[in-house]
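K.L.:
Using only what follows, build the 3D model:
(one chain, ligands or ions: 1)
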Amino acid sequence: MLYLSEINDEYFTIGEIGFNEEMESVFSDREVIWADVKSIQFSKSKEDVVIHLNNGEHFHVPVDTSGLVSLFKNMPAGLNTPEQTVFIEQIYSELSSCKVCGNVAVWQNQCNVCHTDQDDVVNSDPKVELENIKEEQLQLFATYEEDEPIDWEFHIDPNFKRDPNWKLLVNEAEIIEFSRENTWEEE
Ligand SMILES: [Zn+2]
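P.N.:
Have a look, this model is predicted:
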């Protein structure tokens with residue numbers, strides 16, 4: 001699965017998550033400097049975006065790849081075409097709120113900030129949906145060491161508006177308890 005991260009106006013990271021022989025997840029990623037990008041264009045079907053580099057390399061990025069909307073927001077204006085501008089404006093107008101992190105950053109069901117697939121959360125039973133949101137929020141705010149403070153701000157992304165109705169459904173004690181059981185390094 002591809003992802004885009006660390007996106008700013010100088011560079012971005014394009015990465016892939018795979019599995020090794022022990023079925024552990026492995027990340028391979030690569031930093032791409034905007035100055036090395038020749039073009040970014042939607043394919044005819046608009047199902048993926050093709051990134052061409054000046055050295056002749058190119059990448060196909062499916063439109064439901066998390067981070068793609070942030071990529072457009074940081075793309076140098078010179079890489080854009082008038083037709084593409086219209087389509088990107090349309091994408092911005094279609095963004096909806098993420099139930100997990102509260103950013104108005106969901107497109108094609110993917111949150112471009114916390115990378116949650118909204119299909120993993122939404123449920124016809126509101127009780128189940130609430131539990132799903134809590135579970136995702138626990139993972140989002142989890143710490144990795146016992147003395148690490150919770151970072152309450154990291155999901156605030158200057159590229160996106162906030163949904164004023166969003167609420168954090170888990171408290172500090174629940175996050176610490178979840179982290180102790182799941183994400184802290186074994187002693
Ligand atoms: Zn989110």
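K.L.:
quick check, the helix or strand harbouring V104 touching the ion?
P.N.:
Under the criterion of DSSP states H and E, V104 resides in strand 104-107. No - on the criterion CB under 5 Å from the ion, strand 104-107 is out of touch with the ion, staying 6.0 Å away. (Each C-beta comes from the backbone N, C-alpha and C, glycine too.)
K.L.:
Partner strands of that strand, with direction?
P.N.:
strand 96-97 (antiparallel), strand 110-111 (antiparallel) (DSSP bridges).
K.L.:
Just the CA trace of it, in CSV.
P.N.:
C-alpha atoms of strand 104-107 as CSV (Å, rounded to 0.1, in the frame of the first residue of the first chain):
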residue,chain,number,x,y,z
VAL,A,104,-12.2,18.2,7.1
ALA,A,105,-9.7,16.1,5.2
VAL,A,106,-11.6,13.0,4.0
TRP,A,107,-11.7,12.3,0.3
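K.L.:
Look up which residues are beta-bridged to the nearest residue to M1 once chain neighbours are set aside.
P.N.:
Nearest residue to M1, sequence neighbours excluded (CB to CB, 6 or more residues apart in numbering): I17, at 5.0 Å. Note on I17: beta-bridge partners by DSSP bridges are F27.
K.L.:
Just give the number of residues close to I17.
P.N.:
Residues lying near I17 (other CB atoms under 10 Å) number 12.
K.L.:
Model confidence for it, exactly?
P.N.:
At I17, the model reports a pLDDT of 79.
K.L.:
shouldn't it be in contact with V26?
P.N.:
Yes - look at I17 against V26 with CB atoms under 8 Å: they come within range, at 7.4 Å.
K.L.:
before we move on, back to that, ok, of the strands paired with strand 104-107, where does mean pLDDT dip lowest?
P.N.:
For these, the weakest mean pLDDT is recorded on strand 110-111, namely a mean of 90.
K.L.:
After that one, which helix or strand is next?
P.N.:
Tracing the chain C-terminally past strand 110-111 and defining elements by DSSP H and E, one meets helix 126-141 next.
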